[in-house]
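Student: need a structure here:
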Amino acid sequence: MESTQNFFCPRNNIFGFGSLKEISLHIANLGLKKGLVVTDSFWATSPHTKRLSDFMKQAGASAIVWGHAQPNPTDKNVSDGIEVYRKEGCDFVLSLGGGSAHDCAKAIGIMVNNPGTIHAYEGVDKVKKPLPPLLAINTTAGTAAEMTRFCIITDTGRKVKMAIVDPNVTPLVSINDPELMLSMPKGLTAASGMDALTHAVEAYVSTSANPLTDTQAKAAIDIIFKHLAEATHNPNNREAREKMAYAQYMAGMAFNNAGLGYVHAMAHQLGGYYDLPHGVCNAILLPVVQKFNLKKAAPRLAEIARFLSLGKDTDSPELLAEMLIKKIEELSGKVEIPKGLKSFKIDPKDFKIMAENAMKDPCGFTNPVQPTLAEVIKMFEVANI
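Tutor: Modelled structure (predicted):
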């Protein structure tokens, strides 16, 4: 059957050490005057945030720094943020941080021009009116939220991470300045890097993959295997930091257009129910879900394995796919990700409700195999070692 493909990406994307200063040009060109800077408590007091405010001032705009985005941003964060935006008379939103800050900023932007509460926009293509100008400055090498049409917000009432997927939430400008990433602690570097790897692998085996996304996903996977461990254990290695900044962005381009899979669908439930770190959950679940996907995705996983020069040309797709999964597990161990969920003390009684919610998550719709409820529960059990 013939089909068409869309490719979503921000209008402007800036990379490289020192690129933070480029924000002045874009704010000036857009004629913006007062921005709500959505960030977390750490970045709110960072010297880099003072530099950002100075760059904004050079462009004729003032900064309202709001440092209350939680690691897994919530609906309460969104309502608090929109109140500040309106009270201060802001005319644009600027996110500074990793995925949490970007997602929170996107959700605040949704509520500036759209009615109701953020819960109304859960799902795909439900945001009717465009956001105010949204500019995203990234400080981690993992989520790619600075450039995607995805926005993940925790519904505190249901304890569910809502996936909002809409081109309208794509930032106008993204900046990846590796200078801001040098201060990332070891654990965050590892978790965010494994998040990026998950994005690339899930995009490659997605039912909506295409030649454009395949190219980006494979390039990202290659770079991550080459540079993540170095960036984790030698945080001041500027080359490794810059390579990871590019890799996470390419992985973002891949999944932003090809979609994701059940690693993310399940990880969102662990984040919503237990407020666990997203990248760590993805790293633990990635081998588990890909082993489940082997029944259909072995040929695609084998293509990645061949690209990475694993095995021999005569090896079967199943064997090559298993080699790739083992390589993923080895990288996870090198960057000191926990082997399983056991240390997080998850109650197995919650597996059923989390599995039910995972099956409703839009990220799972493009998984190569659609599991039954029992199979999703089983995957949670396998990961709980």
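Student: would you map the helices across the stretch 151-300 of the chain?
Tutor: 186-205, 211-233, 238-258, 262-274, 278-307 (DSSP state H, counting those that start in this stretch).
Student: could I get those helices as a markdown table with distance to K339?
Tutor: C-betas here are computed from N, CA, C, even on glycine. Below are these laid out as a markdown table (distance: least, Cβ to Cβ, whole Å):
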| stretch | distance to K339 |
| --- | --- |
| helix 186-205 | 13 |
| helix 211-233 | 17 |
| helix 238-258 | 23 |
| helix 262-274 | 15 |
| helix 278-307 | 7 |
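Student: tabulate those helices (JSON lines), appending mean pLDDT and distance to L341.
Tutor: Output for the helices of the stretch 151-300 of the chain, formatted as JSON lines (pLDDT from 0 to 100; distance: least, Cβ to Cβ, whole Å):
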{"stretch": "helix 186-205", "mean pLDDT": "98", "distance to L341": "14"}
{"stretch": "helix 211-233", "mean pLDDT": "98", "distance to L341": "21"}
{"stretch": "helix 238-258", "mean pLDDT": "98", "distance to L341": "23"}
{"stretch": "helix 262-274", "mean pLDDT": "97", "distance to L341": "7"}
{"stretch": "helix 278-307", "mean pLDDT": "98", "distance to L341": "6"}
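Student: so which of those is nearest K128?
Tutor: For those, the distance to K128 is smallest for helix 238-258, at 20.6 Å, taking Cβ to Cβ.
Student: outline the domain layout of the chain.
Tutor: When the chain is parsed with automatic domain parsing, its domains come out as 12-181, 186-383.
Student: between those, which one is nearest to S3?
Tutor: Nearest to S3, of all these, is domain 186-383, at 9.1 Å by Cβ to Cβ.
Student: now that closest one, how far from the centre of its chain.
Tutor: 12 Å (Cα atoms, centre = their mean, to the nearest Å).
Student: so the residue nearest the centre of the chain, which state does it fall into?
Tutor: Nearest to the geometric centre of the chain sits T143, at 2.6 Å (Cα atoms, centre = their mean). Local secondary structure at T143 is given as coil here, using DSSP: H, G, I helix; E, B strand; the rest coil.
Student: quick one: contacts for the closest residue to it other than its chain neighbours?
Tutor: Excluding the flanking residues, the one nearest T143 by Cβ to Cβ, 6 or more residues apart in numbering is G99, at 3.1 Å. Under the criterion of Cβ atoms under 8 Å, 6 or more residues apart in numbering, the contact list for G99 reads T140, G142, T143, A144, A145, I152, D195, H278.
Student: what two of those have the greatest distance between them?
Tutor: Spanning the widest gap among these are T140 and I152, at 14.6 Å by Cβ to Cβ.
Student: ok now stretch 112-126, how far from the chain's centre?
Tutor: 20 Å.
Student: quick one: end-to-end length of it, please.
Tutor: Terminal residues of stretch 112-126 are spaced 15 Å apart (Cα to Cα, to the nearest Å).
Student: re earlier: and the gap between the residue nearest to T143 and A191?
Tutor: Using Cβ to Cβ, to the nearest Å, G99 is found at 11 Å from A191.
Student: quickly list what's touching both of these two.
Tutor: Taking Cβ under 8 Å, 6+ apart as the criterion, G99 and A191 both touch G142, H278.
Student: for the residue lying closest to L188 once chain neighbours are set aside, give me its contacts.
Tutor: Sequence neighbours aside, T140 is the residue nearest to L188 in space, at 6.5 Å (criterion: Cβ to Cβ, 6+ apart). Applying Cβ under 8 Å, 6+ apart to T140 gives the contacts G97, G98, G99, M181, M184, L188, S192, Q248.
Student: repeat the analysis, applying 7 Å as the threshold.
Tutor: T140 sits next to G98, M181, M184, L188, S192 when contact means Cβ atoms under 7 Å, 6 or more residues apart in numbering.
Student: how about the closest residue to the third one other than its chain neighbours, secondary structure?
Tutor: The shortest distance from M184 to any non-neighbouring residue, by Cβ to Cβ, 6+ apart, is to T140 (6.1 Å). Here T140 is recorded as coil under three-state DSSP.
Student: from P178, how far off is T140?
Tutor: Taking Cβ to Cβ, one finds T140 at 11 Å from P178.
Student: what's the answer for I337, then?
Tutor: 22 Å.
Student: same question, T49
Tutor: From T49 over to P178 the distance is 17 Å, taken as Cβ to Cβ.
Student: could you do T215 as well?
Tutor: Counting by Cβ to Cβ, the gap from T215 to P178 is 23 Å.
Student: give me the more crowded residue out of these two.
Tutor: P178 (25 against 13; other Cβ atoms under 10 Å).
Student: coming back round to it: what's the closest of the helices of the stretch 151-300 of the chain to E83?
Tutor: helix 262-274 (23.5 Å).
Student: okay, now the unreliable bits of the chain?
Tutor: 1-2 (pLDDT under 70).
Student: for it, list the residue farthest from the centre, please.
Tutor: Outermost residue of the chain with respect to the C-alpha centroid, by Cα atoms, centre = their mean, is T314; its distance is 35.9 Å.
Student: wasn't that residue part of a helix?
Tutor: No: the assignment for T314 is coil, going by three-state DSSP, so no helix is present there.
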